[in-house]
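*Asks:* What would the 3D arrangement of this be:
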Amino acid sequence: MDRATEEQSDYAAELKVALAAAEEAGRMLRARFGDTWRIGVKGEDGDVVTELDLAAERIVLGRLREAFPEDRVWSEEAGVLAGAADRTWLVDPLDGSNNVAIGLPTYAVGIGLCVAGAPVLGVVHEPHTGATWHAVRGGGTYGRGGRLGADGEGPVLAAGPAPAAGPVPAAVSVPAAETLPPDVAVPASSPRLVVAWTQGHSVRKDDALAEALRVALERRTRRVLALWAPLLGWSMLARGTIDGFVGYCAEAVDFPPGALLALEAGCEFRTLEGGPFRVGFAGPDTTRCFVAGRPGVLDRLVALTREAVGAAVV
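*Replies:* As a prediction, this is how the structure comes out:
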């Protein structure tokens, strides 16, 4: 048995339950997407919560509490449910509530498990496409086509090796994104990068550093995706369809499950200034400011964010 298989087997029961919970919640969300339901407001920033958030949460929490009654659970709407502190489930039953509230079918279900504060399992289910992505620490990231490559070249099918992919010469133009199949990576040598952006609900509109980062990304990358559903950005980064992800005071609940997908697909993480970064959910949101990307582009992104940080503190 190889190391990846051993790591998968260590959390096989947890992965089975998480996959079933996410996909059951996803089926309900897709079935009810066009219905009429109540929308409420939570928090000082006016974030929304819908009936669908609560219905999906009941499905996921029911399965987790039945299978692992001794574990602690931190869920987006229900908060913290007491249990053993060394094992914490993180649940975002509907990542993208604001999108759903305006009829935009861009949302996901996220479930993660952290042991001693570090993510060991992550599941992201996209109800509208039916795709599910999952990772176990040390065991790789998997999607519809099998295991994802560690070099950002898209899925590596279980039945054989990944397609050969060499560097793109400077004189060769990169095809428009619309011409690329959805699971084919934009080459790292593309002159302009596509990156996802997320910021926590606590970030004020007049936050100087957040503004400096956003402006720098908009000016010096090809496109910035602010999806209002960061779990979708993580699945895209893991399979290599975007180049990087920049986060500022990211939310604790959905960060580790999504980040683990990227880590296990071969992506790396740094602080905004280029230092070491550890993925986790503990601590204030200011500890979740990061740059993530494929090795071929990470230094370029860090140079950009480091410069933005320097300009913001002058």
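*Asks:* mind listing the helices for this structure?
*Replies:* Read by DSSP state H, the chain holds these helices, from start to end of the chain: 3-10, 12-32, 51-67, 97-101, 208-220, 230-238, 255-264, 295-313.
*Asks:* Mind putting those helices into JSON lines with mean neighbour count and mean pLDDT?
*Replies:* Backbone N, C-alpha and C define where each C-beta goes, glycine included. Output for the helices of the chain, formatted as JSON lines (neighbours: other CB atoms under 10 Å; pLDDT from 0 to 100):
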{"stretch": "helix 3-10", "mean neighbour count": "14", "mean pLDDT": "65"}
{"stretch": "helix 12-32", "mean neighbour count": "19", "mean pLDDT": "98"}
{"stretch": "helix 51-67", "mean neighbour count": "19", "mean pLDDT": "97"}
{"stretch": "helix 97-101", "mean neighbour count": "20", "mean pLDDT": "92"}
{"stretch": "helix 208-220", "mean neighbour count": "17", "mean pLDDT": "96"}
{"stretch": "helix 230-238", "mean neighbour count": "28", "mean pLDDT": "97"}
{"stretch": "helix 255-264", "mean neighbour count": "29", "mean pLDDT": "98"}
{"stretch": "helix 295-313", "mean neighbour count": "17", "mean pLDDT": "91"}
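*Asks:* for these, which one sits closest to residue 286?
*Replies:* helix 208-220 (10.2 Å; CB to CB).
*Asks:* now that closest one and helix 295-313, what's the angle there?
*Replies:* Helix 208-220 and helix 295-313 are oriented at 130 degrees to each other (axes from the mean of the first three to the mean of the last three CA atoms, to 10 degrees).
*Asks:* Run through the neighbouring helices and strands of helix 208-220.
*Replies:* In this structure, helix 208-220 makes packing contacts with strand 194-199, strand 223-225, strand 244-248, helix 295-313, judged by 3 or more CB pairs under 8 Å, 6 or more residues apart in numbering; DSSP states H and E.
*Asks:* Could you tell me the end-to-end distance of stretch 62-82?
*Replies:* Start-to-end span of stretch 62-82 (CA to CA, to the nearest Å) is 14 Å.
*Asks:* chain center to that stretch, what's the gap?
*Replies:* Using CA atoms, centre = their mean, to the nearest Å, the distance from the centre of stretch 62-82 to the centre of the chain it belongs to is 21 Å.
*Asks:* quick thing: my sequence starts at 59, can you match it?
*Replies:* Okay, using 59 as the starting number, the last item reads as stretch 120-140.
*Asks:* Report the buried residues of that stretch.
*Replies:* If you call a residue buried by 16 or more other CB atoms under 10 Å, then stretch 120-140 has these buried ones: 121-122, 126, 129-135, 139.
*Asks:* Just flag the most distant two among the residues you listed.
*Replies:* So, the buried residues of stretch 120-140 by CB to CB: farthest apart are 126 and 135, at 19.2 Å.
*Asks:* I'd like the distance between residue 152 and residue 193.
*Replies:* 21 Å (CB to CB, to the nearest Å).
*Asks:* Repeat that for residue 176.
*Replies:* Distance from residue 176 to residue 193, by CB to CB: 13 Å.
*Asks:* These two: who's more crowded?
*Replies:* In this comparison of residue 176 against residue 193, neighbours counted by other CB atoms under 10 Å, the higher total goes to residue 193 at 33 against 14.
*Asks:* Might one say that that one is in contact with residue 201?
*Replies:* No - between residue 193 and residue 201 there is no contact, the gap being 9.8 Å when judged by CB atoms under 8 Å.
*Asks:* before we move on, back to that, distance to residue 72 added to the helices and strands packed on helix 266-278, as JSON lines?
*Replies:* Putting those into JSON lines (distance: least, CB to CB, whole Å) gives the following:
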{"stretch": "strand 252-257", "distance to residue 72": "26"}
{"stretch": "strand 281-283", "distance to residue 72": "30"}
{"stretch": "strand 302-306", "distance to residue 72": "25"}
{"stretch": "helix 353-371", "distance to residue 72": "29"}
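*Asks:* of all the ones you listed, which lies closest to residue 67?
*Replies:* Using CB to CB as the measure, helix 353-371 is the one of these that comes nearest residue 67, at 28.2 Å.
*Asks:* That closest one vs strand 252-257, what angle?
*Replies:* Using the same axes, to 10 degrees: helix 353-371 against strand 252-257 is 40 degrees.
*Asks:* now the angle from helix 353-371 to strand 302-306?
*Replies:* Between the direction of helix 353-371 and that of strand 302-306, the angle (the same axes, to 10 degrees) works out to 30 degrees.
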